[in-house]
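J.: okay, here's the prediction I keep looking at, along with the sequence it came from:
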There are 2 protein chains.
Amino acid sequence: MLNYIHDIPTKLYFGEGQIRHLDEILRPFGTNVLLTYGGGSIKKIGLYDKVTDILNKGGYAVTELSGIEPNPRIESVEEGVRLCKENNIDVILAVGGGSTIDCSKAIATGVYYEGDDLWQMVASRHGVLKALPLVDILTLSATGSEYDGGGVITNLKTNEKLGNMYTYPSASICDPTYTYSVSKYQTAAGTADIMSHIFEGYFSRTEDSELSDSIAEGVLKTAIKYLPVALEQPDNYTARANLMAVSSVACSGIPEYGKQGTGWPCHAMEHELSAYYDITHGVGLAILTPRWMRLILKKDPSCAWRFVRFAKNVWGLEGDDDQALAQAAIEALERFFKEAGIPMNLTELKIDEEHFEEMAAHANSGGYLKDAFVPLTNEDIVEIYKACL
Amino acid sequence: MLNYIHDIPTKLYFGEGQIRHLDEILRPFGTNVLLTYGGGSIKKIGLYDKVTDILNKGGYAVTELSGIEPNPRIESVEEGVRLCKENNIDVILAVGGGSTIDCSKAIATGVYYEGDDLWQMVASRHGVLKALPLVDILTLSATGSEYDGGGVITNLKTNEKLGNMYTYPSASICDPTYTYSVSKYQTAAGTADIMSHIFEGYFSRTEDSELSDSIAEGVLKTAIKYLPVALEQPDNYTARANLMAVSSVACSGIPEYGKQGTGWPCHAMEHELSAYYDITHGVGLAILTPRWMRLILKKDPSCAWRFVRFAKNVWGLEGDDDQALAQAAIEALERFFKEAGIPMNLTELKIDEEHFEEMAAHANSGGYLKDAFVPLTNEDIVEIYKACL
């Protein structure tokens, strides 16, 4: 068990109706609010009206940044920073899913960035930075951005999609009813994202961090139990609530406490897919994950012990043959994604092997994937991409 | 799944050698430190010297309050408050287990208490209060006081042992090596305390809070796996680290998120035992828990569903007969405590039934046990006490 520091300052308001706390949350920060959101789904579900009503009654001065993209772009960050500076913004209120929150994090820190080029802030390695206070209202259970300090920003000019640390939300309002209208496709993709956040830490060389592993398995079992319910009954509160609760924990770092880092191989590979083809992040992860698992198991069969634990504790599988058990767990996962309606190959997404070599080189450029549970070479990554066709 | 607010401000420094952060943790609060500790075990393990060395080198002015009791008493709180006021203390540094930390929490808030009688502060219901900053270095995996806002203070004059909310530690240094010298008896008792914190929330009427239940089961499985290892090999880092990690989570409230409150029946009953007979808290809990489980299962056999989950997910038991499975899980728990060397009846502790009626009345006086998983009358509580003889 390795050392760790637990330090997440975000206050989570979980459950139906928690928006009633919005005014008391924002008030200490000031009254000049930048309200950020995406393509307008928050208007369809009436949340936009509810939020602006609270802000108007509270006497807040509101500046809006809307249209933040599903893979949020550097141009939106630039625009947000400009608006904050022009309007002397005190606090950012992000209403949406991970993309809106990620973009808002980069804006919150970008306000204090001293360089000329915000893409440099995104692209250079740094930890949490000085930032404007950020409050969010979550509308999609997926990225965990409501409970971590990171964000992912895309530059379509350079085909780059880069994760970095920015700032933690001061508070996150997590009301499961705001996810009732999320499409089956996005619900499934979001759950695949949640599960991938777990896989990235669960498949690590550290064997003796029981609490983290138990939490990881709890997140996976919860997702596996409730995704089918949410797909069948979009307004099932229990299902939506459980998916939302695990979303926050999955990407928090908590399920990795005490464990050796892995470089998050599936995320590294997926970010290339999204950067080149602008696909839904969770779908890319769902496609990649079983193929990555099969490759590492083939490359290093001695890593089966971890898959055996996954098979037993998450899927309830039993058996004496470790390799067979490992394969059965991977098949169960692939079947689960398929039954949730996720297109399970890149060909369906009109992606071919044209860029695989350069994507692999870039995914591996930081050298992080040498630290993965099973280290990955560029050739391995190309092989994984090809297995996804 | 019920609403909840997650708001734990404590920064946890987990792992061997994290004391190297002590100076940077204390520095922002000021240089007048009240150092609190218990009976001197921190001197035996060299921790006292290590701490005072850091404080001296850092130029801190140190006032000491030592001799804090295993069930910390109101007199120690009064003395601590007096020392804080006299010496213009900026920050309290508690070095010890839950008793030292609990007492230090009450001191931290007592400094700002405006009444004359600190026992009134302890005895009246309140939430977190204004407090001096509190930092702790944990030396016993048990109460979880390093990661919650509560504390339990005893008044031997009135035979009362009362829990209340005071303040969260600003930071907790959790170094498992400081628990290497903890006796087998205290290691087992501490683990029983950890497990009881879970049982108090796990046995609730709420069925649909999967993440919380998974975390609860993870804590229990971790404790069950590593207590025997720690008893066998007191300096096994993995075992001590896992027990310490689950200690913090178990009492944090997290395993109860989204679940209906239960009034913590075993703690209510045990506090009477400790108040009347000053016994080790975890031992009292270990004795009470299986008897409480058997009584509620007899009183309301329909509650077996929860024991079935406990049997399967924690003990790995299987079977079709719910009642038999529930009984088997309770037996497994009792055997586990017994094998850990805990005296499993009150007679061994020289406790007889003399005060059972008044203890039961007092345990139930707040009416909290009417909200328990299976509501408890005073007669039920007396029956549980008697079953413990």
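T.: Great, that's in hand.
J.: and the contacts of stretch A:35-54?
T.: If you take C-beta atoms under 8 Å, 6 or more residues apart in numbering or on different chains as the criterion, stretch A:35-54 is touched by A:19, A:22-23, A:55, A:62-70, A:80, A:92-97, A:99-100, A:103-104, A:107, A:137, A:139, A:178, A:180-181. All C-beta atoms are positioned from the backbone trio N, CA, C, and that covers glycine.
J.: same question, stretch A:343-350
T.: A:273, A:277, A:279, A:283, A:286-287, A:334, A:337-338, A:352, A:385, A:388-389.
J.: near chain B, which residues of the stretch 1-150 of chain A are found?
T.: A:1-7, A:9, A:11-18 (C-beta under 8 Å from any C-beta of the partner chain).
J.: return the members of those classed as buried.
T.: A:Met1, A:Leu2, A:Tyr4, A:His6, A:Lys11, A:Leu12, A:Tyr13, A:Phe14, A:Gly15, A:Gln18 (16 or more other C-beta atoms under 10 Å in any protein chain shown).
J.: which of these fall in strands?
T.: A:Tyr4, A:His6, A:Lys11, A:Leu12, A:Tyr13, A:Phe14 (DSSP state E).
J.: in JSON lines, list the contacts of stretch A:343-350 along with distance to chain B, neighbour count and pLDDT.
T.: Output for those, formatted as JSON lines (distance: C-beta to the nearest C-beta, whole Å; neighbours: other C-beta atoms under 10 Å in any protein chain shown; pLDDT from 0 to 100):
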{"residue": "A:Leu273", "distance to chain B": "29", "neighbour count": "26", "pLDDT": "94"}
{"residue": "A:Tyr277", "distance to chain B": "33", "neighbour count": "15", "pLDDT": "93"}
{"residue": "A:Ile279", "distance to chain B": "29", "neighbour count": "21", "pLDDT": "93"}
{"residue": "A:Val283", "distance to chain B": "24", "neighbour count": "25", "pLDDT": "97"}
{"residue": "A:Ala286", "distance to chain B": "21", "neighbour count": "28", "pLDDT": "98"}
{"residue": "A:Ile287", "distance to chain B": "26", "neighbour count": "31", "pLDDT": "98"}
{"residue": "A:Glu334", "distance to chain B": "23", "neighbour count": "19", "pLDDT": "98"}
{"residue": "A:Phe337", "distance to chain B": "20", "neighbour count": "24", "pLDDT": "98"}
{"residue": "A:Lys338", "distance to chain B": "23", "neighbour count": "13", "pLDDT": "98"}
{"residue": "A:Asp352", "distance to chain B": "40", "neighbour count": "9", "pLDDT": "96"}
{"residue": "A:Tyr385", "distance to chain B": "33", "neighbour count": "24", "pLDDT": "98"}
{"residue": "A:Cys388", "distance to chain B": "30", "neighbour count": "23", "pLDDT": "98"}
{"residue": "A:Leu389", "distance to chain B": "36", "neighbour count": "14", "pLDDT": "96"}
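J.: sorry, back to before: which one of the buried ones among the residues of the stretch 1-150 of chain A next to chain B sits closest to chain B?
T.: A:Gly15 (2.8 Å; C-beta to the nearest C-beta).
J.: just to revisit the earlier point, quick check on the contacts of stretch A:35-54: which are buried?
T.: Buried among the contacts of stretch A:35-54 (16+ other C-beta under 10 Å): A:19, A:22, A:55, A:62-63, A:65-66, A:68-70, A:80, A:92-97, A:99-100, A:103-104, A:107, A:137, A:139, A:178.
J.: among those residues, which ones are in helices?
T.: A:Leu22, A:Leu55, A:Gly80, A:Ser99, A:Thr100, A:Cys103, A:Ser104, A:Ile107 (DSSP state H).
J.: which pair in those spans the largest distance?
T.: A:Leu55 and A:Ser99 (21.7 Å; C-beta to C-beta).
J.: okay, and the residue nearest to the spatial centre of chain A sits in which element?
T.: Nearest to the geometric centre of chain A sits A:Thr143, at 2.3 Å (C-alpha atoms, centre = their mean). Using DSSP states H and E, A:Thr143 sits within no helix or strand.
J.: equivalent analysis for A:Phe356, please.
T.: helix A:356-363.
J.: and that helix, which residues are buried?
T.: Buried residues in helix A:356-363 (16+ other C-beta under 10 Å): A:Phe356, A:Met359, A:Ala360, A:His362, A:Ala363.
J.: A:Leu317: which of those residues is nearest?
T.: For these, the nearest to A:Leu317 is A:Ala363 (30.7 Å; C-beta to C-beta).
J.: show me what stretch A:105-117 is in contact with.
T.: Under C-beta under 8 Å, 6+ apart, the answer for stretch A:105-117 is A:34, A:36, A:65, A:72, A:77-78, A:80-81, A:84-85, A:89, A:92, A:118, A:121-122, A:129-134, A:145, A:149-151, A:153, A:164, A:166-167, A:169.
J.: let me see the contact set for the spatially closest residue to A:Glu383 that is not a sequence neighbour.
T.: Excluding its sequence neighbours, the residue lying closest to A:Glu383 (C-beta to C-beta, 6 or more residues apart in numbering or on different chains) is A:Leu295, at 6.1 Å. Contacts for A:Leu295 (C-beta under 8 Å, 6+ apart) come out as A:Asp380, A:Glu383, A:Ile384, A:Ala387.
J.: pretty sure the first one sits in a helix.
T.: I take that to be A:Asp380. Yes. Assigned with DSSP: H, G, I helix; E, B strand; the rest coil, A:Asp380 falls within a helix.
J.: quick check: the gap between the residue nearest to the centre of chain A and B:Ala106.
T.: Relative to B:Ala106, A:Thr143 is positioned 41 Å away (C-beta to C-beta, to the nearest Å).
J.: hmm, back to that, what pLDDT is listed against the residue nearest to the residue nearest to the centre of chain A when sequence neighbours are not counted?
T.: Distance criterion C-beta to C-beta, 6+ apart; nearest residue to A:Thr143, sequence neighbours excluded, is A:Gly98 at 2.7 Å. Among the per-residue scores, A:Gly98 holds a pLDDT of 95.
J.: what is the neighbour count of A:Gln260?
T.: 14 (other C-beta atoms under 10 Å in any protein chain shown).
J.: that one against A:Asn3, yeah?
T.: No. Using C-beta atoms under 8 Å, A:Gln260 is not in contact with A:Asn3; the gap is 11.4 Å.
J.: I'd like the next helix or strand past the strand or helix carrying A:Glu200.
T.: Element membership of A:Glu200, judged by DSSP H and E, is helix A:184-202. Proceeding C-terminally, helix A:184-202 gives way to helix A:210-232 as the next helix or strand, assigned by DSSP H and E.
J.: buried ones in the very next helix or strand once past that following helix, by neighbour count?
T.: Counting by DSSP H and E, the next helix or strand C-terminal to helix A:210-232 is helix A:237-250. For helix A:237-250, the neighbour count (16+ other C-beta under 10 Å) marks A:238-250 as buried.
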